[in-house]
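Engineer: here is the input, now give the coordinates:
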Amino acid sequence: MIAELRREMALNTLVFETLGKPEKEREFKLKQLKKWGFDLLFGKKNGEETYFASADRKVGDKYEEGENSFEVIEVLKELPKNKKVFAHIEMVEGRAYLIAELREGDQNIEILNIPVGEVLIAFLKKHKFINIIEALRNIGSAAVLLKKRGDEGKPLPYEELPPVIRRFLRDGKKVEKEMEFGRMAVAYFGENKEGIPRYWVEWMVPTIALFDEKLAEKIDKNLALLK
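Structural biologist: Numbers count the residues shown, from 1 in each chain. This is a model prediction of the structure:
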């Protein structure tokens, strides 16, 4: 019975892919760094003047993180001239880290290195992207979002999908086009005896895109379609 059900799922689950590698790097404004909960600081790291990011620090603060010591000289209100903030995802022994860098030409200064889970959930919660939080299952360079309802059965073909599922796919493809990567897998099993829809939906998106407020809002609204 299980083998037959898995056969039906494998044959009839609808998969829509936006080919390409998951986006690992994205440029962000200084205000976005602040929305993650961090300030851009100028000061001393292990005795040498440089830039770094931290939360809830003020001028004159001295503190240690790991093996590094810091002293805050200035809390910056705008980016230094000709410099931009880029952030990307790095994987270390199966765990995703958010790395932010201050960049000018080929020169990069790492200003933030933190496990993605520590900052992403707080960011999503702050902006009330509850649908993403509820659907989030695991995080790598790409994040897996999962929503399901009811018992599994034989998935229906695309032609028999209800309007709300078709809209989810249509709007999802638009977001994926912006991100240049994505993978949606949909198995819709129809309604049960009480008229409640049964489905299984998995959506893979670039993790770094979830830190972009506008993209995260579109992803959250699309997930909200699945009641």
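
Engineer: which parts of this protein are helices?
Structural biologist: Taking DSSP state H as the criterion, the chain contains helices spanning 2-12, 30-35, 116-126, 130-135, 163-179, 213-224.

Engineer: may I see the buried residues of stretch 48-59?
Structural biologist: 51-54, 57 (16 or more other C-beta atoms under 10 Å). For the C-beta atoms, the positions are set from N, CA and C on the backbone; glycine is no exception.

Engineer: kindly report the same for stretch 88-98.
Structural biologist: Residues of stretch 88-98 classed as buried: 88-89, 96-98 (neighbour count, 16+ other C-beta under 10 Å).

Engineer: which of those sits closest to I139?
Structural biologist: Among the buried residues of stretch 88-98, A96 lies closest to I139 (C-beta to C-beta), at 4.7 Å.

Engineer: who does that closest one bridge with?
Structural biologist: For A96, the beta-bridge partners are M91 (DSSP bridges).

Engineer: read off the pLDDT value for it.
Structural biologist: The model reports A96 with a pLDDT of 93.

Engineer: test my guess that it contacts P115.
Structural biologist: Yes - shown here, A96 and P115 form a contact pair, counting by C-beta atoms under 8 Å, at 7.1 Å.

Engineer: which secondary structure element of the chain has the lowest mean pLDDT?
Structural biologist: The weakest-scoring helix or strand in the chain, judged by mean pLDDT, DSSP states H and E, is helix 2-12 (a mean of 66).

Engineer: mind putting the helices of the chain into JSON lines with mean neighbour count and distance to F70?
Structural biologist: Below are those laid out as JSON lines (neighbours: other C-beta atoms under 10 Å; distance: least, C-beta to C-beta, whole Å):
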{"stretch": "helix 2-12", "mean neighbour count": "11", "distance to F70": "52"}
{"stretch": "helix 30-35", "mean neighbour count": "15", "distance to F70": "17"}
{"stretch": "helix 116-126", "mean neighbour count": "16", "distance to F70": "18"}
{"stretch": "helix 130-135", "mean neighbour count": "17", "distance to F70": "31"}
{"stretch": "helix 163-179", "mean neighbour count": "16", "distance to F70": "34"}
{"stretch": "helix 213-224", "mean neighbour count": "18", "distance to F70": "28"}
